[in-house]
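# Got a predicted structure here, sequence first:
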Amino acid sequence: MSDLADSNKRAEEFLKGLWKENPVFVAVLGMCPALAVTNTAINSLAMGLATTFVLVSSSILVSLLKSVIPKQVRITTYIIIIATFVTVVDFLLAAYTPGVHKELGAFIALIVVNCLILGRQEAFASKNTVGLSILDALGMSAGFTFAMLCIGIPREILGSGSLFDISLFGAGFEPWIVMILPPGGFFMLGFLLLGFNWHAKRSKERALLKQTVETT
Amino acid sequence: MSDEQKNTTIQHTAEKEPSSFKLVFTLGIAGLLSGIILVGTFIYTKPLIQANKKAATQRAIFKVLPDCTTYSTLVLKDSQLALKATDENKKEEADKDELLIYAGFNAEEELIGFAIPGSEPGFQDVIGALFGYDAINKIIIGFEVLESKETPGLGDKIFKDADFQTNFKALAVAPEIIAVKPGMKQNPNEVETITGATISSKAIVRLLNETMDIWEATLDVYIKDNELKVSDKNE
Amino acid sequence: MDNLIWIFISALLINNFTLSYFLGLCPFLGVSSKLETAFRLGLANIFVMLITAVCSYVLNTWVLIYAPYLRLISFIIVIASSVQFVEMALKKLSPDLFRALGIFLPLITTNCAILGLALFSTNKGYGFVEGMVYALGAGGGVTLALVLLAGIREETRVLNIPNLMQGTALNLIIAGILSMAFMGFAGLFST
């Protein structure tokens, strides 16, 4: 019984980041990268994966060290840890995928100020075991990457008529250039949030309806 | 660490204010750890990153100087042009008071021309470019945009539009390069602008003119002084 | 001089930090519901950016040429501590100014716009004067964006907006329209 409850809890920690507590759509965190680099699907994916690496590695380290870090200097320590991993990812991308590194530019370094990462250390990794922290970090990163792709894929399709650099519509398509420019980022996220709000409202109403039906 | 010990540490931090020494010590350890990780990654990736940079430079040079097989890096310091010391440990980029250009040679080790970088504010942000210059015939023989944030679909035609690129097959630099409307090119020193991207096209022309102002005389002197063998294919 | 004017205008309008680089969005969307607050937040931003420009120049010239891998860590830590230091000095020397800007300083120190400024200006290889002008332009640009959005949001309060639209979704769409308007500044300097 306790095994079952345990695995349920694990699944819960992983899944909450994907939908219920999605960092971009629900908590509205990390919007700077979510808008700045989502002009193509490849950039969105690369940013999502880079963030995943940083978040998972920092969560492992923070949850391992949680009992030795004094409370007074915890934020500074977290920042040092995060900045270290961001620099590592920056160097690795420059070494193995110079094209992606050039496209993302300074925004890789800016992962360090993505509130999502520091937020997870403070709210989760510093209070939970290594295993749960990894699950939480993986779930949150998956949710972040998912959100990045949700913004990036439509922007690339509409703005350049392609997906992952593969042309979709042929020569007759006149791309909606504004979508890959900055305003397109704002509009896309704005409309996605609108959709999310609408979905949340509907499911709330449905639950309420169900409740009233059951009570009467 | 046993569970019991762990508990006491947690209690300890919760109850008592830890000493300044402990705070400084923790931060010091964190700094040390991060330093080790960083230096490790840096040493591991440095050769790869430098190789990438070199490959990118080489690709651009070979593109703007057709038939080029080898190149040497020249540096302008205190208005003197000299071969850049190829010290492996030194970084590839120019120092602040230095300007870098590249001299390209063909298979017979004859000078084809120079690859010269330049930059100029465009429509959106600074455009960085590299162009090939044949110092003997005083023509530009190739052009490549290295960095640009020009509007997709309009301004980015400066590097995507094949017709615009043909402007730089044999563009005379003297007396100066002039931008003309599409289809109006009559003289060898004229560049046809792109419809819908006039500002970006004109920025390129300005970039070429301003960069040539800096280099033209220096390069003439350099060729004379060093008595370089010159490719006569183009003549 | 021309170059400096270009740097300033480019950072202020053409490549506005908030509206075209998406930097400093958290305060942009979170705080900017009141014009007065937005303006003061903007001033605090300019203030921190100037400090950042000084710090990043010093670090870049004397430290990072020997240890480039320390770039990110040193930027964050040095900027955060210098801002805290200046904050303490300000509290002592000019309590009025501290009251006007003080509460915002901790809020924006670890903001992406601040780190972004340090990274961009070193990437572009700016010297001291250029860096300061760039910081002024960027800070001015963030202020401008904050004030514009706050102004529009104050107006929307009297409108009848569907429930679903309110909050972040509406702000993002307003920001999108502002960003589109700012696109018109491109090419301002190239005629």
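Yes, it's here.

# Check which helix or strand residue B:146 maps to.
Element membership of residue B:146 [criterion: DSSP states H and E] is strand B:139-147.

# can you check residue B:128 too?
Using DSSP H and E, residue B:128 falls in strand B:126-134.

# hmm, that strand touching chain A?
No. Shown here: strand B:126-134 not in contact with chain A (CB under 8 Å from any CB of the partner chain), separated by at least 11.9 Å. Every C-beta, even on glycine, is put in place using the N, C-alpha and C of the backbone.

# That strand - contacts with which helices or strands?
If contacts are counted by 3 or more CB pairs under 8 Å, 6 or more residues apart in numbering or on different chains; DSSP states H and E, strand B:126-134 sits against helix B:20-64, strand B:111-121, strand B:139-147, helix B:198-226.

# I'd like to know which of these is closest to residue A:159.
Residue A:159 sits nearest to helix B:198-226 of all those, at 18.9 Å, using CB to CB.

# still on that earlier bit, pairing partners for the strand holding residue B:128, with directions?
Here strand B:126-134 is paired, per DSSP bridges, with strand B:111-121 (antiparallel), strand B:139-147 (antiparallel).

# Mean neighbour count, these: which tops it?
Sort the strands paired with strand B:126-134 by mean neighbour count, taking mean count of other CB atoms under 10 Å in any protein chain shown, and strand B:111-121 sits at the top with a mean of 22.

# Please save the CA atoms from that strand in PDB.
Extracted C-alpha coordinates of strand B:111-121, given in PDB (Å, rounded to 0.1, in the frame of the first residue of the first chain):
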ATOM      1  CA  LEU B 111      48.200  36.700 -53.400                       C
ATOM      2  CA  ILE B 112      44.600  36.700 -54.600                       C
ATOM      3  CA  GLY B 113      43.400  39.500 -52.300                       C
ATOM      4  CA  PHE B 114      42.500  40.500 -48.800                       C
ATOM      5  CA  ALA B 115      39.500  39.500 -46.800                       C
ATOM      6  CA  ILE B 116      38.500  42.600 -44.800                       C
ATOM      7  CA  PRO B 117      35.900  42.700 -42.000                       C
ATOM      8  CA  GLY B 118      33.700  45.800 -41.500                       C
ATOM      9  CA  SER B 119      30.600  46.800 -39.600                       C
ATOM     10  CA  GLU B 120      28.000  49.500 -40.000                       C
ATOM     11  CA  PRO B 121      24.600  50.300 -38.400                       C
END
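
# residues in contact with the helix or strand that the strand holding residue B:146 is followed by?
Per DSSP H and E, strand B:139-147 leads on to helix B:157-160 as the next helix or strand towards the C-terminus. Contact with helix B:157-160 is made by B:122, B:127, B:144-145, B:148, B:150, B:164-165, B:194, B:196-197, B:200-201, B:204, as judged by CB atoms under 8 Å, 6 or more residues apart in numbering or on different chains.

# Drop anything exposed from the residues you listed.
B:122, B:127, B:144-145, B:148, B:150, B:164-165, B:194, B:197, B:200-201, B:204 (16 or more other CB atoms under 10 Å in any protein chain shown).

# Need the residues you listed in a markdown table (columns: distance to residue A:43 and pLDDT).
Shown next, in a markdown table, are those (distance: CB to CB, whole Å; pLDDT from 0 to 100):
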| residue | distance to residue A:43 | pLDDT |
| --- | --- | --- |
| B:122 | 22 | 79 |
| B:127 | 21 | 85 |
| B:144 | 22 | 84 |
| B:145 | 19 | 86 |
| B:148 | 17 | 79 |
| B:150 | 18 | 77 |
| B:164 | 26 | 81 |
| B:165 | 26 | 80 |
| B:194 | 26 | 83 |
| B:197 | 24 | 81 |
| B:200 | 23 | 83 |
| B:201 | 27 | 85 |
| B:204 | 26 | 85 |
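
# where does residue B:183 fall, helix, sheet strand or coil?
Following DSSP: H, G, I helix; E, B strand; the rest coil, residue B:183 is assigned to coil.

# Distance check, it against residue B:194.
Per CB to CB, to the nearest Å, residue B:183 is found 12 Å from residue B:194.

# still on that earlier bit, could you identify which of the helices and strands packed on strand B:126-134 is most buried?
strand B:111-121 (a mean of 22).

# So for that one, mean pLDDT?
Summarised as a single mean, pLDDT over strand B:111-121 is 83.

# Compute the inter-axis angle for that strand and helix B:20-64.
Taking axes from the mean of the first three to the mean of the last three CA atoms, to 10 degrees, one finds strand B:111-121 and helix B:20-64 inclined to each other by 130 degrees.

# quick one: strand B:111-121 to chain centroid distance?
Strand B:111-121 sits 10 Å away from the centroid of its parent chain (CA atoms, centre = their mean, to the nearest Å).

# Let me know the angle separating that strand from helix B:198-226.
Using the same axes, to 10 degrees, the inter-axis angle of strand B:111-121 relative to helix B:198-226 is 140 degrees.

# Can you get me a residue count around the spatially closest residue to residue C:135 that is not a sequence neighbour?
Of all residues not flanking residue C:135 in the chain, residue C:53 sits nearest, at 3.8 Å (CB to CB, 6 or more residues apart in numbering or on different chains). As a burial measure, residue C:53 scores 25 neighbours (other CB atoms under 10 Å in any protein chain shown).

# just the one 5 residues further on next, same as before
The burial metric for residue C:58, expressed as a neighbour count using other CB under 10 Å, is 14.

# List phi and psi for residue A:21.
phi -120, psi 40 (degrees, to the nearest 10).

# Just to check, residue B:125 is in contact with residue C:14?
Yes. Here residue B:125 reaches residue C:14: they are 7.3 Å apart, a contact under CB atoms under 8 Å.

# Neighbour count for those two, which is higher?
residue C:14 (25 against 17).

# can you map out the helices along chain A?
Here chain A has its helices, by DSSP state H, at A:2-18, A:31-36, A:41-65, A:74-96, A:98-104, A:106-109, A:115-120, A:130-160, A:182-215.

# want to throw those helices into a markdown table with distance to residue C:149?
Shown next, in a markdown table, are the helices of chain A (distance: least, CB to CB, whole Å):
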| stretch | distance to residue C:149 |
| --- | --- |
| helix A:2-18 | 29 |
| helix A:31-36 | 14 |
| helix A:41-65 | 25 |
| helix A:74-96 | 29 |
| helix A:98-104 | 26 |
| helix A:106-109 | 22 |
| helix A:115-120 | 19 |
| helix A:130-160 | 20 |
| helix A:182-215 | 11 |
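
# From those helices, pick the one with the highest average neighbour count.
Among these, helix A:31-36 has the highest mean neighbour count (mean count of other CB under 10 Å), at a mean of 27.

# How far away from the center of its chain is that one?
Counting by CA atoms, centre = their mean, helix A:31-36 is centred 10 Å from the centre of its parent chain.

# Shouldn't residue C:72 be within a helix?
Yes. Read with three-state DSSP, residue C:72 is one of the residues of a helix.

# residues in contact with it?
A:83, A:86-87, A:90, A:109, A:112.

# Tell me the one of these nearest residue A:141?
Using CB to CB, residue A:86 comes nearest to residue A:141 of these, at 13.9 Å.

# Distance check, the closest one against residue A:93.
Look at residue A:86 and residue A:93: by CB to CB, they are 11 Å apart.

# Name the residues contacting each of those two.
Jointly contacting residue A:86 and residue A:93 under the rule CB under 8 Å, 6+ apart are residue A:108.

# Considering only chain C, name the residue that lies closest to chain B.
Scanning chain C for the residue nearest chain B gives residue C:69, at 4.2 Å (criterion: CB to the nearest CB).

# Identify the residues contacting that residue.
Taking CB under 8 Å, 6+ apart as the test, what residue C:69 contacts is A:87, A:91, B:38-39, B:41-42.
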